[in-house]
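[1] Okay, sequence plus prediction incoming.
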Amino acid sequence: MTAAAAETRYPPEWLALREPADAAARATDLLPPLLAALPAGPLVVRDLGCGTGAMGRWLSPRLPAPQHWVLHDRDPHLLGLAAASLRGSGVAVTPEQGDVTALRADDLAGTSLVTASALLDLLTAAEMDALAAACAGAGCAALLTLSVAGRVELDPYDPLDDDVMAAFNEHQRRTVDGRRLLGPDAVAAAIRAFTVRGANVRTQPSPWRLGPEQRGLTAEWLRGWVAAAVEQDRDLAPHTEDYLRRRLGTATRVVVHHDDLLALPEVRA
C-alpha cells in the first residue's frame, strides 16, 4: 500500500449498511463547540476519504448555510455518489480525486473545517502529524470521527472473544508496504499531534451499539472482524469456523467502540 492508498477501497454496499449505525454513534456533544468556533459567512468543508458522502449527509444539515463541500477520495465512483447525494439548497460540492495524505497547509487555505470518518486508523504516525500540521497551518478546525478504539463487547461472552480482538487490533497496526498503520492508537496520536500545535482538542466516545434490529450489519462486521484476526494470527484459523458460527447465532448485542475527535485551532491575538 502506498500513501495514496491510505483510504481503503470499500464497496458502496458496505458503506450503506453501516451508515445508520455511524449516524447514531456520532458524538453530537462535539457540535456546540464546533459551531461556536466556526467563522461567520460561507463555510468551506473538506471531507477526507468521503466515501459515498455519509459524513456530509449527516453534518451538512447541522451547519449553517451556505456551505461548499470539497470531497476528497481516491475512488472516482464513490466520489460521484457522494457529490450527487450532497448537492442541494445552500450546499455546493466539488469532488477532488487524489491522495488525502498529500494535503498540506497551502492546500487547505480558506478551509473552515476538515472532516473525516473511519480514516485516522488507516494513517501512519507521520501522516497523522502531517494532517495536524496542515490544519494548524491553515487555521482550520478538524472533526475526525469513528476511529477504532480497539475495544469490542459481545453479549453473551465467548472465551475466544479476547483472542480474536487482540489479533484484530494487531492487524489494524500492521505494516503494509513499509507503512505502519496506527489502528487503535490513532486517536492518541491525533491528540498529541494537534495539541503540540496549540489546538484545543476534545474527544468523545462514538460506539456502535448493535442489537437484533442491526442483525445484517452485525453479521457483516463479525465476518470481517474474524477474517482480519485470522489474517494476523493463523493459529486462530482452526477455531474460527466454529467460533463464527456460534457468534452469528448467539451474539445478540455488540458494542464496537470508536472515538470522535474535535481539534479547534489555536486562537492567535
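    Alright, I've got the coordinates. Note that the structure is predicted; figures quoted are calculated from it, not measured.

[2] Which residue ranges of the stretch 151-269 of the chain form helices?
    161-172, 186-195, 215-232, 237-250 (DSSP state H, counting those that start in this stretch).

[3] most packed of the ones you listed?
    Of the helices of the stretch 151-269 of the chain, the one with the most neighbours on average (mean count of other Cβ atoms under 10 Å) is helix 186-195, at a mean of 21. To be clear about C-beta, it is placed using only N, CA and C from the backbone, and glycine gets the same treatment.

[4] what angle separates that one from helix 161-172?
    50 degrees (axes from the mean of the first three to the mean of the last three Cα atoms, to 10 degrees).

[5] who does helix 186-195 touch, helix- and strand-wise?
    In terms of contacts (3 or more Cβ pairs under 8 Å, 6 or more residues apart in numbering; DSSP states H and E), helix 186-195 is packed against helix 125-138, strand 141-155, strand 200-205, strand 253-264.

[6] Could I get the buried residue list for the first one?
    Judged by neighbour count using 16 or more other Cβ atoms under 10 Å, the buried positions of helix 125-138 are Glu127, Met128, Asp129, Ala130, Leu131, Ala132, Ala133, Ala134, Cys135, Ala136, Gly137, Ala138.

[7] can you give me how far whatever helix or strand Leu78 lives in is from the chain middle?
    Secondary structure from DSSP states H and E places Leu78 in helix 76-86. Distance of helix 76-86 from its chain centroid, counting by Cα atoms, centre = their mean, to the nearest Å, is 18 Å.

[8] Same question for stretch 103-110.
    For stretch 103-110, the distance to the chain centre is 21 Å (Cα atoms, centre = their mean).

[9] okay, how far is it across it, tip to tip?
    14 Å (Cα to Cα, to the nearest Å).

[10] buried sites along that stretch?
    Result for stretch 103-110 [16+ other Cβ under 10 Å]: buried residues Leu103, Ala105, Asp107, Leu108.

[11] try stretch 196-206
    Arg197, Ala199, Val201, Arg202, Thr203, Ser206.

[12] Rounded mean pLDDT for that stretch, please.
    For stretch 196-206, the mean per-residue pLDDT is 98.

[13] before we move on, back to that, redo the buried residues of helix 125-138 as a markdown table? Include pLDDT and distance to Ser112.
    Formatted as a markdown table, those follow (pLDDT from 0 to 100; distance: Cβ to Cβ, whole Å):
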| residue | pLDDT | distance to Ser112 |
| --- | --- | --- |
| Glu127 | 98 | 22 |
| Met128 | 98 | 21 |
| Asp129 | 98 | 22 |
| Ala130 | 98 | 20 |
| Leu131 | 98 | 16 |
| Ala132 | 98 | 17 |
| Ala133 | 98 | 18 |
| Ala134 | 98 | 14 |
| Cys135 | 98 | 11 |
| Ala136 | 97 | 15 |
| Gly137 | 97 | 15 |
| Ala138 | 97 | 10 |
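
[14] Tell me how far Asp99 lies from Leu81.
    When distance is defined by Cβ to Cβ, to the nearest Å, Asp99 is 20 Å away from Leu81.

[15] next one: Ala142
    Distance from Ala142 to Leu81, by Cβ to Cβ: 24 Å.

[16] Residue nearest the middle of this structure, spatially speaking?
    Ala118 (1.5 Å; Cα atoms, centre = their mean).

[17] picking up where we left off before, can you lay out the helices and strands packed on helix 186-195 as CSV showing distance to Val45?
    Output for the helices and strands packed on helix 186-195, formatted as CSV (distance: least, Cβ to Cβ, whole Å):
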stretch, distance to Val45
helix 125-138, 13
strand 141-155, 9
strand 200-205, 19
strand 253-264, 14
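
[18] Double-check Gly80 against Pro95; I have them as touching.
    Yes. Counting by Cβ atoms under 8 Å, Pro95 is a contact partner of Gly80 at 7.2 Å.

[19] Can you say which two of the buried residues of stretch 103-110 are spatially most distant?
    Leu103 and Ala105 (8.6 Å; Cβ to Cβ).

[20] any common contacting residues for these two?
    Ala134 (Cβ atoms under 8 Å, 6 or more residues apart in numbering).

[21] okay, the angle between the next helix or strand after the helix holding Leu78 and helix 76-86?
    Under the assignment DSSP H and E, the closest C-terminal helix or strand after helix 76-86 is strand 91-97. Strand 91-97 and helix 76-86 are oriented at 180 degrees to each other (the same axes, to 10 degrees).
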